[in-house]
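Novice: Structure for the following, please:
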Amino acid sequence: MVNILKTEIDSLLRDKGVYYSIFEKKIPDEKGTCVMVLYFDDNLIDLYAEINHVKARLKSQPILTEFRCYASDFFETFNSRQVQSLMLNSISDHMDIGYMEKEHVISDHFPCHNSVRDTLDDSWHEHKYKLVWGFLVGGFSTEMQPLNFIADYYGEKYGFYFAWLVHYTGQLILPSIIGVGILIAQVVFMIRDEIPAGEAFNTTLNIWYAIFLTFWMTFLVESWKRKEAVIAHKWLMRDFADSTTERQQFRYNLDIDVDTKKQW
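Specialist: Okay, the predicted model is just below:
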């Protein structure tokens, strides 16, 4: 299997700047199992970025434009998501990953983590409470360091997901406090006035609380739209177009018999 894999990546290795290491992995009842790690030189990543018309942020001003190797000093460095995407695309151009997995030449392929992940964890633990407070009262843009790390490392899609979780969790504080206060009041009235539980928890307070929740939900959604627009502007995602492709394993072929008109 190792020799087959070496043969398959031979065309990729012809591009100067691609290297590999092989680590033997001993697993009982399995033969020839190993881990192959591919390394890509930064200059080759820049070349792939120009060929694939990747947009990068300029250092001098907050705009995205197509990367050019001859002007690489004017661009910010690619984030982890962009580098991983370029590497996976270049590998897919030289070999059929899906077919090799199907034929059990390889069991899986994935990008390795780097030291940025530890920095992300430290930043999240340091700024998470300030970030929640900023989403509640305003000024969250000064505490966006953990969200920026997530967007650069995992992609903006996951950055927006965590931003929504922070916003939603923070906004839940007010209805939670009011809900607990109503519950305590109903319990006090039940004990003091010796009211049956069915009647004690079925009061007009529930109606007023439901009305409050309708206004709160409207505020939750509208305030998120404003915050989402601010984050999208900072990450230069206002004109984003999703280019995600489906994995081959998820493709479905529908075969219909011409004579019976039934699926088979």
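Novice: Just the CA atoms of stretch 204-218, as CSV, please.
Specialist: Written as CSV, here are the backbone C-alpha positions of stretch 204-218 (Å, rounded to 0.1, in the frame of the first residue of the first chain):
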residue,chain,number,x,y,z
THR,A,204,-51.7,35.9,34.7
LEU,A,205,-47.9,36.2,35.3
ASN,A,206,-47.4,33.5,32.7
ILE,A,207,-49.3,35.5,30.1
TRP,A,208,-47.2,38.6,30.8
TYR,A,209,-44.1,36.5,30.6
ALA,A,210,-45.1,35.1,27.2
ILE,A,211,-45.8,38.6,25.9
PHE,A,212,-42.3,39.6,27.2
LEU,A,213,-40.7,36.7,25.4
THR,A,214,-42.3,37.7,22.0
PHE,A,215,-40.7,41.1,22.3
TRP,A,216,-37.4,39.6,23.6
MET,A,217,-37.3,37.2,20.6
THR,A,218,-37.7,40.1,18.2
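Novice: what comes up buried for that stretch?
Specialist: Using 16 or more other C-beta atoms under 10 Å as the test for burial, stretch 204-218 gives 205, 209, 216. (Glycine included, C-beta is placed from N, CA and C.)
Novice: same question, stretch 104-118
Specialist: 105-106.
Novice: so how far is that stretch from its chain's centroid?
Specialist: 16 Å (C-alpha atoms, centre = their mean, to the nearest Å).
Novice: can you pull the contacts of the nearest residue to residue 47 once chain neighbours are set aside?
Specialist: Excluding the flanking residues, the one nearest residue 47 by C-beta to C-beta, 6 or more residues apart in numbering is residue 69, at 6.1 Å. Residues near residue 69 by C-beta atoms under 8 Å, 6 or more residues apart in numbering: 46-47, 50.
Novice: Which helix or strand contains the spatially most central residue of the chain?
Specialist: Computing the C-alpha centroid of the chain and ranking residues by C-alpha atoms, centre = their mean puts residue 158 first, at 2.5 Å. If you go by DSSP states H and E, residue 158 is part of helix 156-171.
Novice: And the next helix or strand after that helix, what's buried?
Specialist: Per DSSP H and E, helix 156-171 leads on to helix 173-193 as the next helix or strand towards the C-terminus. Neighbour counts over helix 173-193 (16+ other C-beta under 10 Å) mark 178, 182, 186, 189-190 as buried.
Novice: And for stretch 82-89?
Specialist: 82-87.
Novice: and of these, the nearest to residue 37?
Specialist: Relative to residue 37, the closest of these is residue 87; by C-beta to C-beta it sits at 11.6 Å.
Novice: Look up the closest residue to the closest one, ignoring the ones flanking it.
Specialist: Of all residues not flanking residue 87 in the chain, residue 40 sits nearest, at 5.4 Å (C-beta to C-beta, 6+ apart).
Novice: Now do the contacts for the one you found.
Specialist: Residue 40 touches 17-18, 83, 86-87, 90, counting by C-beta under 8 Å, 6+ apart.
Novice: Mind checking which of the residues you listed land in strands?
Specialist: If you go by DSSP state E, the contacts of residue 40 have residue 18 in strands.
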